[in-house]
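1. Using only what follows, build the 3D model:
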Amino acid sequence: MTNEAERPSARGFFKRLRAKLNQGWLTGDIAELLPGRKIDAEILDDLETRLITADVGVEAASIILEELRKRVARKGLHDVEALLQALNESMSQILAPVEQTLVIDPAAKPFVILVVGINGAGKTTTIGKLSARLLAEGKTVMLAAGDTFRAAAREQLEAWGARNKVPVVAQQSGSEPAAVIFDAMNAARARQIDVLIADTAGRLHTQTHLMDELKKVKRVLARLDPSAPHEVLLVLDGTIGQNAVAQAEEFNKGLGVTGLVITKLDGTAKGGVVLAIAQRLKIPIRFIGVGEQSEDFGVFRAAEFVAALLKSAPRDAAA
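-> Reported below is the predicted structural model:
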């Protein structure tokens, strides 16, 4: 069987990641900073400042710099190449534990994915792209329009359903979200659907009553299948920096998030927040997005992500 990292589509996504990820925030002028200079405490302090201002966060930046300072003390860093290699290794150590692919358990029929997050993070687009990916893997998919409050939310989901030729269970605007998802669960069971993906209304993590509504959805699903939902997938906007970390913490506290999708890592996104999230939360990062096209959505690979940030070849994946 072909390894995911060896698939042509996976190699293509790495190329798109390298092309679209904003890489100048960290290493763009390191070469200009270092010519003729010995790597010393001043340079490492400057690098730490860059990491923190690039949304890597104090905690992750401190861990990275502690390792680099140890190497300097051992006289293990002599030039730019050695510094970038050490950066690669330190970042990879933080990200490797959260590189965990979403696995659909065939014994759970349907396997229920509850998609949560705030408005504007890209939930509906993520659902559409994930649906296409699962269909390409030979799975049957059904969507549940559990966002019954936002104008046009149902229509957007139905448009993705039509595009991917998958059924969508929906009710009128203002309907009880838990009831919509309950009906969808029954329909998916009756039709022997492999995967049910449930959309939910976007909400701020600080809106307690809306978080309570999501907890109700989880309870309703558990009545039909005690193991459901099998995945609580939180979609985070990569452009909002440390706010994404705060959102993830609160959603995880309230719902027990099992996987993350980090979107919008192209354009103005710096990418550093991925390290902050990985260090603080240790929640598996399932997918990342670097644009609007289906090809801009792919499985998170730590080595490829770090290589894209540092503009180097991945150490253990084909470019």
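
2. mind listing what's buried in the host helix or strand of Glu42?
-> Element membership of Glu42 [criterion: DSSP states H and E] is helix 41-53. For helix 41-53, a neighbour-count test (16 or more other C-beta atoms under 10 Å) marks 43-44, 47-48, 50-52 as buried. To be clear about C-beta, it is placed using only N, CA and C from the backbone, and glycine gets the same treatment.

3. Mind giving me the packing neighbours of it?
-> helix 30-33, helix 58-73 (3 or more C-beta pairs under 8 Å, 6 or more residues apart in numbering; DSSP states H and E).

4. other SSEs contacting the longest one?
-> The criterion is 3+ C-beta pairs under 8 Å, 6+ apart, and the helices and strands that helix 58-73 contacts are helix 41-53, helix 80-95, helix 273-281.

5. relative to helix 80-95, how tilted is it?
-> Relative orientation of helix 58-73 and helix 80-95, computed by axes from the mean of the first three to the mean of the last three C-alpha atoms, to 10 degrees: 140 degrees.

6. got the helices and strands packed on helix 58-73 as a markdown table, with distance to Arg18 columns?
-> Output for the helices and strands packed on helix 58-73, formatted as a markdown table (distance: least, C-beta to C-beta, whole Å):
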| stretch | distance to Arg18 |
| --- | --- |
| helix 41-53 | 20 |
| helix 80-95 | 14 |
| helix 273-281 | 15 |
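
7. could those go into a markdown table alongside distance to Val232 and mean pLDDT?
-> Formatted as a markdown table, the helices and strands packed on helix 58-73 follow (distance: least, C-beta to C-beta, whole Å; pLDDT from 0 to 100):
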| stretch | distance to Val232 | mean pLDDT |
| --- | --- | --- |
| helix 41-53 | 30 | 84 |
| helix 80-95 | 21 | 88 |
| helix 273-281 | 13 | 93 |
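
8. Of the ones you listed, which is nearest Ala73?
-> Of all the helices and strands packed on helix 58-73, the one in closest proximity to Ala73, counting by C-beta to C-beta, is helix 41-53 (10.0 Å).

9. Check the offset of that closest one from the chain's centre.
-> Distance of helix 41-53 from its chain centroid, counting by C-alpha atoms, centre = their mean, to the nearest Å, is 26 Å.

10. would you say Gly202 is within a strand?
-> No - counting by DSSP: H, G, I helix; E, B strand; the rest coil, one finds Gly202 to be coil, located in no strand.
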